[in-house]
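K.L.:
Return atomic coordinates for the entry below.
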Amino acid sequence: MTSASLSLSRDDRPILIAALFILVILVAGTVYTFARFGSAPLLSPTYLLQQLQIGAFLGIVAAGMMVVILIAQIDLSVPWTLAAAAMMATSIGGPLAIPVGLGIGLLVGLVNGIGVAYLRVPSMIFTLGVNAVMRGLMVAHTGGYAPQTAATDLMRSLAADRTLGIPNALFVWAVVSVLVAVMLQRTALGRYIYAIGNKEAAAYLAGVDTRRVTVICFVICGVAAALAGVLLAGYSTKAYQGMGDAYLLPSIAAVVIGGTNILGGRGRYLGTLIGVVLIVLLNSVLSIMDMPEAGRQVIYGLVIIFMLLVYGRGERVTS
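P.N.:
Numbers count the residues shown, from 1 in each chain. As a prediction, the model looks like this:
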């Protein structure tokens, strides 16, 4: 009973801390904007919905990233998986646009999974290489120029339109969230994911097909990145070079901030949701403060490093 209570407290603590940081960001941002502009847009429901609409793309990427991180792996091919899915979806157009875009993500995830699970190449190296390959293929596809194709009506509707005043992108994010949360908490696959993250060798000896589960996790991450790319193209009405670059570090940061152990085996999806909201609001405040993109990337990196240090210290203390 005591052990379970301690475990629950350990898992909930990062979520509570992240929620408190959200309140701090809202208060600090409100004070700053009121002092500078004489108004407080951060507290406006319209403004918050707009920020969450933009954050839905990051949330979908983070959902896939969390699944991979839970098995103690990483996917650095997300930026150009996202961009390639968007570019190919807008190039194909018509009713096949979204299936083709998602198919790109599935294919990249499958390649990543096979490379990591069967070829035993470290995920950081393999997925970084795949990211470079995807970038080269897309540059060859476009000739190095910005694509001249446009998003389909369905892509624009899913990303930019509203239903009952709520952005459709939030509904898509909600569906993805429910699917991931149910998978992690209510299915055998979810139990296998946590088991592999805690100790892959032990999971294998217990009868878990660790290779197949690893491939599935990378496929989920690839499809999530592709879905975000399709939606982002719909929101922007077109695809463009490097559109996924801004989503790699924030997605990892959101997962880690939410309490998922970067070393795998521990984490709750609720924490990732809160981490995404924190990143979105932080990004919004930094934009209001005219913080350049380079500065934001530095902040995301420092957050990841800090949480890594915290987790490392926690593991040593436990040992």
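
K.L.:
Now do stretch 70-81: distance to the chain's middle.
P.N.:
9 Å (C-alpha atoms, centre = their mean, to the nearest Å).

K.L.:
quick one: contacts for residue 14?
P.N.:
Residues near residue 14 by C-beta atoms under 8 Å, 6 or more residues apart in numbering: 257, 258, 259, 271. For the C-beta atoms, the positions are set from N, CA and C on the backbone; glycine is no exception.

K.L.:
I'd like the residues you listed as TSV, with pLDDT, distance to residue 292 and neighbour count appended.
P.N.:
Listed next are the contacts of residue 14 as TSV, based on pLDDT from 0 to 100; distance: C-beta to C-beta, whole Å; neighbours: other C-beta atoms under 10 Å:
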residue	pLDDT	distance to residue 292	neighbour count
257	86	22	29
258	87	26	27
259	86	29	25
271	91	29	26
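
K.L.:
Looking at the residues you listed, spot the one nearest residue 218.
P.N.:
Nearest to residue 218 out of those is residue 258 (C-beta to C-beta; 20.4 Å).

K.L.:
Which residues are in contact with the closest one?
P.N.:
Here residue 258 is in contact with 14-15, 18, 66, 267-268, 270-276 (C-beta under 8 Å, 6+ apart).

K.L.:
next one: residue 165
P.N.:
Taking C-beta under 8 Å, 6+ apart as the test, what residue 165 contacts is residue 49.

K.L.:
again, but for residue 64
P.N.:
Residue 64 neighbours (C-beta under 8 Å, 6+ apart): 75, 78, 220, 221, 222, 223, 224, 225.

K.L.:
element containing the first one?
P.N.:
Secondary structure from DSSP states H and E places residue 75 outside every helix and strand.

K.L.:
now do the last one
P.N.:
Following DSSP H and E, one finds residue 225 within helix 210-236.

K.L.:
Tell me which residues of that helix come out buried.
P.N.:
210-211, 213-236 (16 or more other C-beta atoms under 10 Å).

K.L.:
Residue 94: which of the contacts of residue 64 is nearest?
P.N.:
Once C-beta to C-beta is applied, the member of those that ends up nearest residue 94 is residue 223, at 20.5 Å.

K.L.:
so after the longest helix along the chain, what's the next helix or strand?
P.N.:
With DSSP state H applied, the helix covering the greatest number of residues in the chain is identified as helix 2-37. For helix 2-37, the following helix or strand on the C-terminal side (DSSP H and E) is helix 45-70.

K.L.:
Grab the nearest non-local neighbour of residue 185.
P.N.:
Counting by C-beta to C-beta, 6 or more residues apart in numbering, residue 185 lies nearest to residue 269, which is 7.9 Å off, once chain neighbours are set aside.

K.L.:
scratch that, residue 222 is what I was asking about
P.N.:
Nearest to residue 222 is residue 109, by C-beta to C-beta, 6+ apart, at 2.5 Å.

K.L.:
next one: the strand or helix carrying the one you found to chain centre, how far?
P.N.:
Here residue 109, judged by DSSP H and E, is contained in helix 97-117. A distance of 16 Å separates the centroid of the chain from that of helix 97-117, by C-alpha atoms, centre = their mean.

K.L.:
buried set for that helix?
P.N.:
Counting neighbours by 16+ other C-beta under 10 Å, helix 97-117 gives 97-98, 100-117 as buried.

K.L.:
Next: stretch 240-256.
P.N.:
So for stretch 240-256, counting by 16+ other C-beta under 10 Å, buried means 241, 243-256.
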